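**Student:** Generate coordinates for the sequence data below:
(one chain, ligands or ions: 1)
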Amino acid sequence: MTTNPDQQGSTAMYDRSTQVDRSADSINFGIGQPDFALLPHALMSEVAAERFAEGDTELLNYGFPQGDGRFRWALAEFLRRGYRAAVDPQQLMITAGASQALNLVCTLFTRPGDTVFVEEPSYFLALRILQEDHRLNAVPIPTDEHGLSLPAVADALTRHRPVLLYTIPTYQNPTGRTLPHNRRQQLLALAEEHEFLIVADEVYHLLDFGSPPPPPFAAHADSGRVLSLGSFSKILAPGLRLGWVQTSAQLTRQFAASGLVDSGGGLNHFTSNLVRVALEGGGQKDYLEELRRAYRQRVEAMDAALHKHIGDRATWTVPAGGFFFWLTCADNIDTTALLDAAAGAKVGFLPGPRCSSVGGLDHCLRLCFAHYSIPEIEEGIRRLGQVFDTFQNPP
Ligand SMILES: Cc1ncc(COP(=O)(O)O)c(C=O)c1O
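**Tutor:** Just a heads-up that it's a prediction; the model follows:
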């Protein structure tokens, strides 16, 4: 048996989203990842075999800087159907996931100390990339039940000159909320007037459970103000490390000309070649339908369990897509302390302050419904209800 510490990351216990142990008998709704049991092993092994059988020598070579051409055409067609809007393959820059895309955006368009606007709350690991890795000055913009508050953006613009605004407009992480069409239009107008970039992290856009969301910011790629980040992590598998940026042809060229790409070639050439077969053959589309069905059932199960075990001790809205419920508890509940109590009951969640660029929102918490089966969701929420029953804030 190996004892090499470098191989520790190869176990399924790896949990990048919280420091909470993912041991077999605990149910940690803080984990914002797909269920391992739902991952598309059969599909990926079929498309890999098919792609290798094509037998060309380019598969294992360095890739084209902007991303493999045939893959970009297949992706553009897939997105055109999903977005119900034209997608130009020349406006797609292939990346190794949305996280890498965000990192590259910061490298290319920001300098340490620059101001960026972020939603309050936001995706906590994106905040790390912005605030810690790139030392940007993140200014939190309040959100309401429909996402980013546009009067608050306009107000902040009287005091700051942001380089970019980072938003998760659809089925947001952590709130599950979606920005309505009119607010999207207003934000685009403000970006034009005040000359900042909208970095729209649209990784959940295609993961609706019923009616589709408003058109994505990607539909405005031509404007030169929008960088839309997409990813296969939520619609196929995160281990593939495959995503894209959709933006104007001019900005796309800037990505492709970066030193990173110049040295390493296209950012995920090999995987994109396998996924291309899944796109062209319809496997990706069918798998996404399966995911939507499975997640819709999990949302319903979590909502029912929350009503049964949490009741009026928190408020929430049922997400129409994505991965997350966002619970607002009574003002006097400190969810960081609640998490300590929950560890004893072998249940976990992500406390609100982790999702805040300024450490606020301590009476809120995020629950992911994507990672566990329905019986586990029911059991986990039952445990959480018991934690609420006995919890008292520390003095
Ligand atoms: C909003 C958001 N952006 C990006 C990511 C990470 O995407 P990727 O795996 O493509 O880097 C996540 C995953 O949790 C997410 O929720």
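
**Student:** So Ser122 lies in a strand, does it not?
**Tutor:** No - counting by DSSP: H, G, I helix; E, B strand; the rest coil, Ser122 falls outside a strand, being coil.

**Student:** Just list the residues touching it, thanks.
**Tutor:** Ser122 makes contact with Tyr166, Ile168, Asn173, Pro174, Cys355, Ser356, Ser357, according to Cβ atoms under 8 Å, 6 or more residues apart in numbering. Yep, even glycine has a C-beta here, placed from its N, CA and C like the rest.

**Student:** Neighbour count and secondary structure added to those, as TSV?
**Tutor:** Shown next, in TSV, are the contacts of Ser122 (neighbours: other Cβ atoms under 10 Å; DSSP: H, G, I helix; E, B strand; the rest coil):
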residue	neighbour count	secondary structure
Tyr166	29	strand
Ile168	30	coil
Asn173	26	coil
Pro174	29	coil
Cys355	25	helix
Ser356	21	coil
Ser357	23	coil
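
**Student:** any chance of those in a markdown table, plus distance to Leu338 and pLDDT?
**Tutor:** Shown next, in a markdown table, are these (distance: Cβ to Cβ, whole Å; pLDDT from 0 to 100):
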| residue | distance to Leu338 | pLDDT |
| --- | --- | --- |
| Tyr166 | 28 | 98 |
| Ile168 | 25 | 98 |
| Asn173 | 20 | 98 |
| Pro174 | 16 | 98 |
| Cys355 | 15 | 97 |
| Ser356 | 16 | 97 |
| Ser357 | 21 | 96 |
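
**Student:** Let me see the domain layout of the chain.
**Tutor:** Domains of the chain are assigned by automatic domain parsing as 5-40+285-390, 45-281.

**Student:** Pick out whichever of the contacts of Ser122 sits closest to Leu127.
**Tutor:** Ser357 (5.3 Å; Cβ to Cβ).

**Student:** mind listing what the closest residue to Tyr123 other than its chain neighbours touches?
**Tutor:** Take Tyr123 and drop its neighbours on the chain: the residue closest to it by Cβ to Cβ, 6 or more residues apart in numbering is Asn173, 4.4 Å away. For Asn173, the contacting residues are Gly32, Ser122, Tyr123, Tyr204, Gly322, Phe323, Phe324, Arg366, by Cβ under 8 Å, 6+ apart.

**Student:** who wins for most neighbours among those residues?
**Tutor:** The most neighbours of any of these, using other Cβ atoms under 10 Å, belong to Gly322, which has 30 neighbours.

**Student:** Provide a list of residues in contact with it.
**Tutor:** Thr170, Tyr171, Gln172, Asn173, Gly176, Tyr204, Leu207, Lys234.

**Student:** Assign the fifth one to helix, strand or coil.
**Tutor:** Assigned state for Gly176: coil (three-state reduction, three-state DSSP).

**Student:** Need phi/psi at the residue nearest the centre of the chain.
**Tutor:** Nearest to the mean C-alpha position of the chain, by Cα atoms, centre = their mean, lies Val203 at 4.9 Å. Dihedral pair for Val203: phi -70, psi -20, per degrees, to the nearest 10.

**Student:** how about the nearest residue to it, chain neighbours excluded?
**Tutor:** Ser231 (4.4 Å).

**Student:** need the contact list for that neighbour.
**Tutor:** Per Cβ under 8 Å, 6+ apart, neighbours of Ser231: Gly97, Ala98, Ala101, Val203, Leu242, Gly243, Trp244.

**Student:** try 6 Å this time
**Tutor:** Ser231 is in contact with Gly97, Ala98, Val203, Gly243, counting by Cβ atoms under 6 Å, 6 or more residues apart in numbering.

**Student:** Next: Phe369.
**Tutor:** For Phe369, the contacting residues are Arg298, Val299, Met302, by Cβ under 6 Å, 6+ apart.

**Student:** redo that, cut-off 10 Å
**Tutor:** 29, 35, 176, 295-303, 305, 319, 322-325, 377, 380-381 (Cβ atoms under 10 Å, 6 or more residues apart in numbering).
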